[in-house]
Structure formats: C-alpha cells, structure tokens
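Asks: Sharing a model prediction with you, sequence too.
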Amino acid sequence: MTPPRRDNNLVRPYVVTGGRSRGRIDIDLVSLIVAGTSSAALAPDAPPEAGHLLALCRGGVLSVAEIAAYLERPVSVIKVLLSDLAESGHIAARAPAATAERSDIRLLEDLLNGLRALA
C-alpha cells in the first residue's frame, strides 16, 4: 500500500482567507499589482500565502490572474489576500488602462487623405 500523499495545496480556501469571501478593497481580475513602499512586517496572523504573494509582487507588475496562476490558488483567495495587503500598504493595486473609444471613421478617412496628399 502506498502511504497517503500530503499536498500543501490542499489547504481549504476559507482557512487561508479566515472565512472571508471578499476583501475590504475591491480588486478586479485584471488589476495590476505592484509592491508598495511599506517596510512594515506582515501581521503575525497573516497566512504564509501572503508572504509568498508579497515576494512575487516585488518582482514587478503582475495582474491578479497572473498571481493566482503562479501561486496555484483560486482567484477569489488571491483577491482577499491582495485586499489585506493593499489595506496595510504592502502593495498597490491599479486598474488597467481604459480602452480607447472607437474612432470616428470620418476622422480616420481625413487623416488618411492628408497622409496621401503629403506623399
């Protein structure tokens, strides 16, 4: 018989988040996360995933989806942990750049005609 396998990823999400399903700060799936300037230590009761998350964010700007993929955790858990870290000043969450409005076709035609006239 094979001994039972112990997998560290089997910790239930509600244990990691303390039973919460949402954080106080709303963070979107495509929000960009960057490590903040806070040098304060993490709270003593912070889950180990928060430390891993903070170390990952120090490497550069990542989206919430990328962070969840790297840490192999559900997005909902990552969003709660990120909210806690944002509240304590350890990270900053930024909304992605807004999409541009659709250009007016007449303006684009005028621009093209002007460029053709220069050539």
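Replies: Sure, I can see it. Numbers count the residues shown, from 1 in each chain.
Asks: where exactly do the helices run in this structure?
Replies: Here the chain has its helices, by DSSP state H, at 13-16, 48-57, 64-71, 75-87, 105-118.
Asks: The shortest one - what's its average pLDDT?
Replies: In this model, helix 13-16 has a mean pLDDT of 70.
Asks: Isn't I25 up against L81?
Replies: No - the criterion here is Cβ atoms under 8 Å, and I25 misses it with L81 at 11.3 Å. Bear in mind the C-beta positions are built from the backbone N, C-alpha and C, glycine included.
Asks: Of these two, which one has the most company?
Replies: L81 (26 against 15; other Cβ atoms under 10 Å).
Asks: What about L42, how many residues nearby?
Replies: Neighbours of L42 (other Cβ under 10 Å): 17.
Asks: Roughly how far does it sit from E49?
Replies: With the distance defined as Cβ to Cβ, to the nearest Å, L42 ends up 11 Å from E49.
Asks: and L42, what is it in contact with?
Replies: L42 makes contact with 50-51, 54, 88, 90, according to Cβ atoms under 8 Å, 6 or more residues apart in numbering.
Asks: Then S88?
Replies: 38, 40, 42-43.
Asks: Where is pLDDT lowest across these?
Replies: Scanning these for pLDDT, the smallest score is found at S38, 71.
Asks: Next, count neighbours for that one.
Replies: For S38, the neighbour count with other Cβ under 10 Å is 14.
Asks: same deal with E66?
Replies: E66 has 15 neighbouring residues, counting by other Cβ under 10 Å.
Asks: Likewise for the one 4 residues further on?
Replies: Counted with other Cβ under 10 Å, the burial measure for Y70 works out to 14 neighbours.
Asks: swap in D84?
Replies: Residues lying near D84 (other Cβ under 10 Å) number 23.
Asks: Tell me if I'm right that it and A46 touch.
Replies: Yes - the pair D84 / A46 is scored as a contact, 7.4 Å apart, by Cβ under 8 Å.
Asks: what packs against the helix or strand of the chain with the lowest mean pLDDT?
Replies: Of all helical and strand segments in the chain, the minimum by mean pLDDT, DSSP states H and E falls on helix 13-16, at a mean of 70. With contacts defined as 3 or more Cβ pairs under 8 Å, 6 or more residues apart in numbering; DSSP states H and E, helix 13-16 has these neighbours: helix 75-87.
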